[in-house]
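**Q** structural data only, the sequence is not supplied:
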């Protein structure tokens with residue numbers, strides 16, 4: 001009778017020990033995955049500061065001067081269904097110019113204008 005009680009207690013302790021070890025292994029795996037994700041984030045999205053800030057600011061100013069909001073077509077009258085062919089050509093030309101210059105915001109703006117025509 002005493003041997004059966006000791007054996008049952010030993011089995012119970014072994015089960016508890018196995019459960020604790022499983023929890024520790026699971027937590028370790030989670031922490032390692034978290035650290036790996038942080039390292040991957042920094043490796044992929046780490047951006048370096050420009051070496052010459054003055055040159056970078058001049059490029060931004062030149063870009064802003066080249067592409068002004070007034071140069072792009074806008075929808076002033078949405079209720080008007082009659083479309084002028086010159087306006088269509090103007091929007092198409094603006095779309096092509098913006099695409100060639102890499103101004104994708106203007107491309108989307110022109111595309112939305114063309115969809116409404």
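**A** Received it, and whenever you're ready, just let me know what you need. Please read these numbers as outputs of a predicted model, since none were measured by experiment.
**Q** now the helices for this protein?
**A** 2-45, 53-66, 85-101, 104-116 (DSSP state H).
**Q** tell me the mean pLDDT for the second one?
**A** Per-residue pLDDT over helix 53-66 has a mean of 61.
**Q** same question for the third one.
**A** Taken as a whole, helix 85-101 has an average pLDDT of 87.
**Q** next, the angle helix 104-116 makes with it.
**A** Put simply, helix 85-101 runs at 150 degrees to helix 104-116, going by axes from the mean of the first three to the mean of the last three C-alpha atoms, to 10 degrees.
**Q** give me the buried positions along helix 85-101.
**A** Across helix 85-101, burial judged by 16 or more other C-beta atoms under 10 Å covers 91, 94, 95, 97, 98. Every residue, glycine included, has its C-beta placed from N, CA and C.
**Q** elements contacting that helix?
**A** helix 104-116 (3 or more C-beta pairs under 8 Å, 6 or more residues apart in numbering; DSSP states H and E).
**Q** and the helix it packs on, what does it pack against?
**A** helix 85-101.
**Q** show me the domain layout of the protein.
**A** As given by automatic domain parsing, the domain ranges for the chain are 1-54, 73-117.
**Q** most packed of those domains?
**A** domain 73-117 (a mean of 13; mean count of other C-beta atoms under 10 Å).
**Q** thanks again, I'm all set now.
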